[in-house]
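**Student:** okay, here's the prediction I keep looking at, along with the sequence it came from:
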Amino acid sequence: MSSNQSKPDVYEQVTAALIAALEEGAGQYQMPWHALSRPINAGSRKQYRGINILLLWAAAQKQNYNSNEWGTYRQWSELGGQVRKGERSTMIVFWKFFETNKETEESPEEPKENVGSRCMARAYHVFNAAQVDGAPRRDEHSLPESERIANAEAFFQSLPGIVQFGGDRAYYSIDKDIICMPPFSQFKTAKGYYSVLSHEYAHFCGAASRLNRDFSGRFGDQNRAMEELIAEISAAMLCAHLQLELEPRVDHAPYLASWLQVLRNDKRAIFTAASKAQETVAYLQQLASLPTARAS
């Protein structure tokens, strides 16, 4: 057997990990990216990106870690910590581009001609701070509840688009290009309101006049499930950016089976979903920074 054949397929490993996390949370309609803060590297203090956010959120949920800090065995040693004997690592993925000889978390969102000869996925293994003795304790800045909500309100008020309030459904209308939301008073919590609004704004971004997301050619009748998966991951990332907890949506339970089917049928699907979600959040952040008259 050649070395290439014996080397584990990173795509398959990542997909299998996400499928397992989805299946474990399906009974409670819990996704692996709910109610967890954005993971950061213990050494560089940089936030993880793309597919690595999902992998680390899934591991943190499964193992009930209460920290969002991660690092390699060597990084923790350099920080004065010691990974406990018997602890299992979590795999993350970086991409090595041979032309520049650099590594990045930004992955090619779709396989393209000759991409395989120019870059490759490389697996790294990290440990959560909860697995480390003597891990340095850091006092991360945490905004008070009122400020988190005020911050989210300011962000969404700065976005373009029409949001109509009324009724008891939340959805994005493609035909009318509007977001429909129940009134704020109808939600159980403010966090729930902002998490749902994040999800619908992700659909808003996918319209043909904006990011033009269309997976009908690649996923066929599972196109809608893929779009919902992207919107859910986008909402999780955006709520993490706004320092809000993302509340699970019970109305997404019917999508669980189709999400899992998409991942089983295409081992690169979760990479595409994470890449598109990252693109969506970046697009929303760009829109929020532009002067605009908010329609309502």
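**Tutor:** Ah, there it is.
**Student:** list the buried residues in the strand or helix carrying E23.
**Tutor:** Assigned by DSSP states H and E, E23 belongs to helix 10-25. Taking 16 or more other CB atoms under 10 Å as the basis for neighbour counts, the residues of helix 10-25 that come out buried are V10, Y11, Q13, V14, T15, A17, L18, I19, A21, L22, G25. (Each C-beta comes from the backbone N, C-alpha and C, glycine too.)
**Student:** got the residue ranges for the strands in the stretch 51-200 of the chain?
**Tutor:** Assigned strands in the stretch 51-200 of the chain, in chain order: 69-71, 82-83, 90-97, 102-104, 119-128, 132-133, 162-165, 171-173, 178-181 (criterion: DSSP state E, counting those that start in this stretch).
**Student:** just the buried positions in the third one, please.
**Tutor:** By neighbour count, and taking 16+ other CB under 10 Å as the criterion, the buried residues in strand 90-97 are T90, M91, I92, V93, F94, W95.
**Student:** restricting to C-alpha, output it in CSV.
**Tutor:** Below are the C-alpha coordinates for strand 90-97, written out as CSV (Å, rounded to 0.1, in the frame of the first residue of the first chain):
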residue,chain,number,x,y,z
THR,A,90,-9.0,17.0,19.1
MET,A,91,-8.1,17.2,15.5
ILE,A,92,-8.1,20.5,13.6
VAL,A,93,-7.2,21.2,10.0
PHE,A,94,-4.8,23.7,8.4
TRP,A,95,-4.1,24.0,4.7
LYS,A,96,-0.5,24.0,3.3
PHE,A,97,-0.1,26.0,0.0
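**Student:** between that strand and helix 10-25, how big is the angle?
**Tutor:** For strand 90-97 and helix 10-25, the angle between their directions (axes from the mean of the first three to the mean of the last three CA atoms, to 10 degrees) works out to 150 degrees.
**Student:** other SSEs contacting strand 90-97?
**Tutor:** Helices and strands in packing contact with strand 90-97 are listed as helix 10-25, helix 51-63, strand 102-104, strand 119-128; criterion 3 or more CB pairs under 8 Å, 6 or more residues apart in numbering; DSSP states H and E.
**Student:** on that earlier part again, farthest pair in the buried residues of strand 90-97?
**Tutor:** T90 and W95 (17.9 Å; CB to CB).
**Student:** just to revisit the earlier point, out of the strands of the stretch 51-200 of the chain, nearest to G206?
**Tutor:** That would be strand 171-173 among those, by CB to CB, at 8.5 Å.
**Student:** so which bits of the closest one are buried?
**Tutor:** Within strand 171-173, the residues scored as buried using 16+ other CB under 10 Å are Y172.
**Student:** so where's the stretch 1-150 of the chain uncertain?
**Tutor:** Low-confidence regions of the stretch 1-150 of the chain, defined by pLDDT under 70, span residues 1-8, 31-36, 98-117, 138-148.
**Student:** done for today, thanks.
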